[in-house]
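Colleague: give me a model of this one.
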Amino acid sequence: MQLVVARIGRAHGIKGEVTVEVRTDEPELRLAPGAVLATDPASVGPLTIETGRVHSGRLLLRFEGVRDRTAAEALRNTLLIADVDPDELPEEEDEYYDHQLMDLDVVTKDGTEVGRITEISHLPSQDLFIVERPDGSEVMIPFVQEIVTEIDLAEQKAVIDPPPGLIDDRAEVASTRETAAESGSAPESGSAPESGSATQSGDES
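Modeller: Below you'll find the model as predicted:
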């Protein structure tokens, strides 16, 4: 199984380093020096990480064979993809790989059907469930403890306690999804690799 673990950002400096948008909760494992990663587009890779360091709170990577700013800038927006054992589970209790969450039935605490998870959107601030309603419309559910109260993989369901308006304000949901897609923050649906892992956030206040 393949997981998207990062997206390459802009070049940093003149010696081939790039910034990366991390999409895994295990960067020390997935993005360590020596790691060989597939890419999307495939023609760019595979890429082998030569060095990695944190600068001003952002991870910087250098890849073998990438020695100047021009070569680094050519990698911009490339997705980095790691091979993961399909039986491997995340270490943290509140973390799930995307494939574990896909197609879960979403219900409210009183058992009311909301829909089915069709996509996981990894935004900088939090992860979101894209849920398809029975009527074909979509809603976005923040993956935070205050809203997603239970993930039951055995029963294949996610239980939510939505605040007023969350699953009814369709216009706002559609606008938010469109804005996220235009900004490039959310991964495109339908791509073969999964987009890393999702971690349930705590109190957002």
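
Colleague: tell me who's in contact with residue 13.
Modeller: The neighbourhood of residue 13, defined by CB atoms under 8 Å, 6 or more residues apart in numbering, consists of residue 69. C-beta: built from backbone N, CA, C; applies to glycine.

Colleague: pLDDT-wise, which helix or strand of the chain ranks last?
Modeller: Evaluated with mean pLDDT, DSSP states H and E, the helix-and-strand set of the chain has its lowest mean pLDDT in helix 170-183, which scores a mean of 46.

Colleague: now the helices for the protein?
Modeller: Counting by DSSP state H, the chain has these helices, from start to end: 27-30, 69-73, 98-101, 170-183.

Colleague: return the alpha-carbon coordinates of the first one using PDB.
Modeller: The one in question is helix 27-30. Taking only C-alpha atoms (Å, rounded to 0.1, in the frame of the first residue of the first chain), the coordinates of helix 27-30 have been written out as PDB:
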ATOM      1  CA  PRO A  27       8.200  12.200   9.600                       C
ATOM      2  CA  GLU A  28      11.200  10.800  11.600                       C
ATOM      3  CA  LEU A  29      10.400   7.400  10.000                       C
ATOM      4  CA  ARG A  30       9.000   8.200   6.600                       C
END
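
Colleague: the residue nearest the centre of the chain bridge partners, please.
Modeller: The geometric centre of the chain, computed from its C-alpha atoms, lies nearest to residue 122 (CA atoms, centre = their mean), at 3.6 Å. Counting by DSSP bridges, residue 122 is bridged to residue 127.

Colleague: quick check, it in contact with residue 25.
Modeller: No: in this structure, residue 122 sits apart from residue 25 without contact. The criterion is CB atoms under 8 Å, and the distance is 10.6 Å.

Colleague: show me where pLDDT drops low in the protein?
Modeller: In the prediction, the chain carries residues with pLDDT under 70 at positions 1, 85-94, 124, 169-205.

Colleague: what's the domain layout of this protein?
Modeller: Residue ranges of the domains in the chain are recorded as 2-83, 95-186+194-199, according to automatic domain parsing.

Colleague: for residue 19, see how far away the residue nearest to the centre of the chain is.
Modeller: Shown here: residue 122 relative to residue 19, a distance of 17 Å by CB to CB, to the nearest Å.

Colleague: got it, and residue 149?
Modeller: For residue 149, the distance to residue 19 under the criterion CB to CB works out to 36 Å.
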